[in-house]
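Trainee: Provide a 3D model corresponding to the input given below.
(one chain, ligands or ions: 1)
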Amino acid sequence: MLIVVGAGAAGMAAAITAARRGIEVLLMEQNNRPGKKILVSGNGRCNIANRRPAPARFHSTRPELVKKTLQGYDAKRILDFLRSVGIETEEEEEGKLFPMGRQAASVVKLLTRECQRLGVRIVTGCQVTGIRQDQDEFVVESSEGSHRCRQLLLTTGSPAAPQLGGSNAGMLFAQSLGHRLFPPRPALVALESDASWPRQAAGVKLPARVGLLASGSLVTEREGDLLFTDYGVSGLAVLDLSREASLRLAEWESCELSVDLTPKWSKERLSKLLTERIDPERDLSLELWLEGVLHRKLVPIILEIAGIRTATEKDLNRKRIGRLVYTIKHLKLPIQKTRDFRYAEVATGGIDLAEIDPERMESRKLPGLYFAGEILDVDGDRGGFNFHWAWTTGMRAGESVRS
Ligand SMILES: Cc1cc2nc3c(=O)[nH]c(=O)nc-3n(C[C@H](O)[C@H](O)[C@H](O)COP(=O)(O)OP(=O)(O)OC[C@H]3O[C@@H](n4cnc5c(N)ncnc54)[C@H](O)[C@@H]3O)c2cc1C
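Mentor: Residues are numbered from 1 along each chain as shown. Coordinates of the predicted model:
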């Protein structure tokens, strides 16, 4: 018998794959239903995979092992699995794949139905509280009693989104069994700042280029939506660089963002535009003059940071235009921390891949112990890559367990 702990994407993919090979599977889940993270994914639409799962879209301390694990598990293989369960998909921009009905709930229903059809015993409301070895067996202690098995698969995910069952419990069980754990940190998450001005601009969303500076050096840059909030910043550009910020902040590096509020305008073009807009006849107040270019809520912030107290547009000169352009294109925001796990889509860190066979997902330390999904030290970019990892490793584990 195989015991699978955690009925998320990885756990269900593994249970289905193993059960199709005739293996008896017990799937233990602490929530009152399986697949809670799937249910909310992609805003309820479920970005289920990605057409181009290039290794560079997955992040880990062991990129070579990620590459090996992904080998042979391209989008077609994942889509074949999903289709076999009854889920058809459609592609959107950037290779993102969605279920045709755009209903995450239907994905969970179809996966659960396939588990049931194959005789997988799903026990919900069952929290695993401890795992130990007893000779050649694993003893799994849970709120519903204790179970023994020779093959155990941990698919308990990460501590991201604890309100949906996110937890580091499985990581700690693995650690207690001798596996190395890289501490999980929030990723795909918004960032908090002590600066007061984002609060003034709360609710403003705009396309921007956002650079992350750690200890003064540029680490990475992303372009996309930026949202100012009363705690700091969010939006896709911020989520995309948050894992780097999370890791740097954990190392106590000082982090700040450098925001370009007009990414489509070069410095020269913007400078020319602003200069040509000066109309001494019209002589608008500087605030109103700048509202022709920037969001109203950003105007006083930019003027304050640029240190321009000129009253009207006719008082602008080359130097002041230069300061305005610099501030608009290099707006600095200190970052103190990421938002906590409740607001994170995934976690960086997890169980070290170096101690796991990348083809079988089996522990190299304890034969019979398997891992799949986000419990491992891998996090993917936004765009369906995290589910791609969960399906891939779940299927690999399900194919490897011994019958
Ligand atoms: C809001 C949100 C939106 C997301 N959207 C997307 C998206 O559109 N596309 C994408 O690719 N990824 C998305 N993700 C990420 C994706 O959901 C995860 O990477 C993926 O679900 C990981 O699958 P998993 O099976 O490894 O873990 P999980 O889905 O987290 O499953 C682990 C399961 O284990 C259970 N468990 C944990 N500890 C115990 C215990 N001690 N005993 C019993 N059960 C336990 C948990 O309750 C949980 O059900 C999103 C995440 C969030 C939070």
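Trainee: which strand is the longest one in the chain?
Mentor: Of all the segments assigned as strand in the chain under DSSP state E, the longest by residue count is strand 217-228.
Trainee: next, R83: secondary structure please.
Mentor: When classified by DSSP: H, G, I helix; E, B strand; the rest coil, R83 comes out as helix.
Trainee: show me what contacts it?
Mentor: Taking C-beta atoms under 8 Å, 6 or more residues apart in numbering as the definition of contact, the neighbours of R83 are T89. The way it works is simple: take the backbone N, C-alpha and C, and place the C-beta from them, glycine included.
Trainee: just Q135 next, same as before
Mentor: For Q135, no residue meets the contact criterion (C-beta under 8 Å, 6+ apart).
Trainee: before we move on, back to that, so how far is the longest strand of the chain off the chain centroid?
Mentor: Centroid displacement of strand 217-228 relative to its chain, using C-alpha atoms, centre = their mean, to the nearest Å, is 15 Å.
Trainee: how about the residues of the chain by the ligand?
Mentor: When proximity is defined by C-beta under 6 Å from any ligand atom, the chain lies next to the ligand at 5-11, 28-31, 36-37, 40-42, 46-47, 127-128, 155-157, 160-161, 165-167, 169-170, 345-346, 373-374, 384-387, 390.
Trainee: distance check, E137 against V25.
Mentor: For E137, the distance to V25 under the criterion C-beta to C-beta, to the nearest Å works out to 17 Å.
Trainee: looking at these two, which one has more neighbours?
Mentor: For E137 and V25, the more surrounded residue by other C-beta atoms under 10 Å is V25, and the numbers stand at 26 against 15.
Trainee: pull up the gap between that one and the ligand, please.
Mentor: From V25 over to the ligand the distance is 15 Å, taken as C-beta to the nearest ligand atom, to the nearest Å.
Trainee: R309 in helix, strand or coil?
Mentor: Of the three states, R309 takes coil under three-state DSSP.
Trainee: what's near enough to touch it?
Mentor: Listed by C-beta under 8 Å, 6+ apart, the contact set of R309 reads L303.
Trainee: per-residue pLDDT of it, please?
Mentor: With respect to pLDDT, R309 scores 86.
Trainee: what do you get for C255?
Mentor: Taken from the predicted model, the pLDDT recorded for C255 is 98.
Trainee: could I get the full set of helices for this protein?
Mentor: Residue ranges of the helices in the chain, as given by DSSP state H, are 9-20, 36-40, 63-70, 75-85, 104-117, 169-176, 197-200, 236-250, 267-277, 286-291, 299-306, 318-329, 385-400.
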